[in-house]
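[1] need a structure here:
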Amino acid sequence: MKTVRIGLIRHFEVTKPMPSGWLTLLDLTRWREAYDQAEIIPRALDLGGIDWRECFSSDLPRAVLTAQAAFPGAIKQLPELREPQVLQYQSGRLKLPLGAWRWILRLAWMSSHSSQRSTKVEFVARVRTFADEILATAQHDTLIVSHAGIMAFLRKELLRLGFTGPRFGLAQNGKLYLFEKTSGGTR
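    Presented below is the predicted three-dimensional model:
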């Protein structure tokens, strides 16, 4: 019997704090751009004592730097492992607190609102392709360093491919989520 393990890790926390006060959608977009370039706050990683043989990472700096802290070898940096981009829509000068914007954007995404439909379809297809091309053929223990939003979709794909692993809501920064699949043959 051979067991293949896939480890999902959300990037380390970053130095850019969440915005506060009343924001327009443009303010939120500008904050997101700064967040994408923010420095990380490194910490110790618990990699489960596993000899990870391969590592894939989002190509955004916070994920790459986290992957470098977790894995000593070559890291395959992929834009496919980025978060989905929420498309802009007309909101004018409307100002809302961050929590309200999150709910509005989440509802638009979940309901496949016309403003988000194309990006959602592309994102789901991108995750499925990654799973089918990389995860379905994994022959050894592999780390994937990415972002909270995509990790939920990767978890779903791992389960579809016969892996078992933990449930999680919003993935914690720098925490390993381990998925395993056992198949016939020798290890």
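
[2] going forward, measure contacts between C-alpha atoms and count neighbours the same way
    Will do.

[3] surely residue 165 touches residue 157?
    No: here residue 165 does not reach residue 157: they are 11.5 Å apart, not a contact under Cα atoms under 8 Å.

[4] higher neighbour count, those two?
    residue 157 (20 against 17; other Cα atoms under 10 Å).

[5] identify the residues contacting the more buried one.
    127-128, 131 (Cα atoms under 8 Å, 6 or more residues apart in numbering).

[6] check which residues of whatever helix or strand it lives in are buried.
    When elements are assigned from DSSP states H and E, residue 157 belongs to helix 148-160. In terms of neighbour count (16 or more other Cα atoms under 10 Å), helix 148-160 has its buried residues at 148-152, 154-158.

[7] got TSV for those residues, with pLDDT and distance to residue 9 too?
    Listed next are the buried residues of helix 148-160 as TSV, based on pLDDT from 0 to 100; distance: Cα to Cα, whole Å:
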residue	pLDDT	distance to residue 9
148	93	9
149	88	12
150	93	11
151	95	8
152	93	11
154	95	11
155	96	11
156	95	15
157	94	15
158	95	14
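
[8] before we move on, back to that, in TSV: the contacts of residue 157, plus secondary structure.
    Supplementary listing: the contacts of residue 157 in TSV, determined by DSSP: H, G, I helix; E, B strand; the rest coil:
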residue	secondary structure
127	helix
128	helix
131	helix
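
[9] helices of this structure, start to end?
    Counting by DSSP state H, the chain has these helices, from start to end: 25-37, 61-70, 98-110, 117-130, 148-160.

[10] what about the shortest one, distance to the chain center?
    So the one you mean is helix 61-70. Distance of helix 61-70 from its chain centroid, counting by Cα atoms, centre = their mean, to the nearest Å, is 13 Å.

[11] also the third one?
    Remark: helix 98-110 is offset 18 Å from the chain centroid, using Cα atoms, centre = their mean.

[12] cool, stretch 96-109 as well?
    Centre-to-centre, stretch 96-109 and its host chain are 19 Å apart (Cα atoms, centre = their mean).

[13] center of the chain, which residue is that?
    Taking Cα atoms, centre = their mean, the centroid of the chain lies closest to residue 147, which sits 2.6 Å from it.

[14] ok, that one - contacts?
    Counting by Cα under 8 Å, 6+ apart, residue 147 makes contact with 9-11, 58, 63, 81-83.

[15] turn the residues you listed into CSV, columns for pLDDT and neighbour count.
    As requested, the contacts of residue 147 are exported to CSV (pLDDT from 0 to 100; neighbours: other Cα atoms under 10 Å):
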residue, pLDDT, neighbour count
9, 98, 28
10, 98, 26
11, 97, 29
58, 96, 23
63, 96, 28
81, 95, 25
82, 92, 22
83, 86, 16
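
[16] just the residues you listed: which are in strands?
    Counting by DSSP state E, the members of those that fall within strands are 9-10, 58.

[17] in the helix or strand of the chain with the lowest mean pLDDT, which residues are buried?
    Across the helices and strands of the chain, mean confidence by mean pLDDT, DSSP states H and E is lowest for helix 98-110: a mean of 82. In terms of neighbour count (16+ other Cα under 10 Å), helix 98-110 has its buried residues at 98, 101, 105, 108-109.

[18] all set, thanks.
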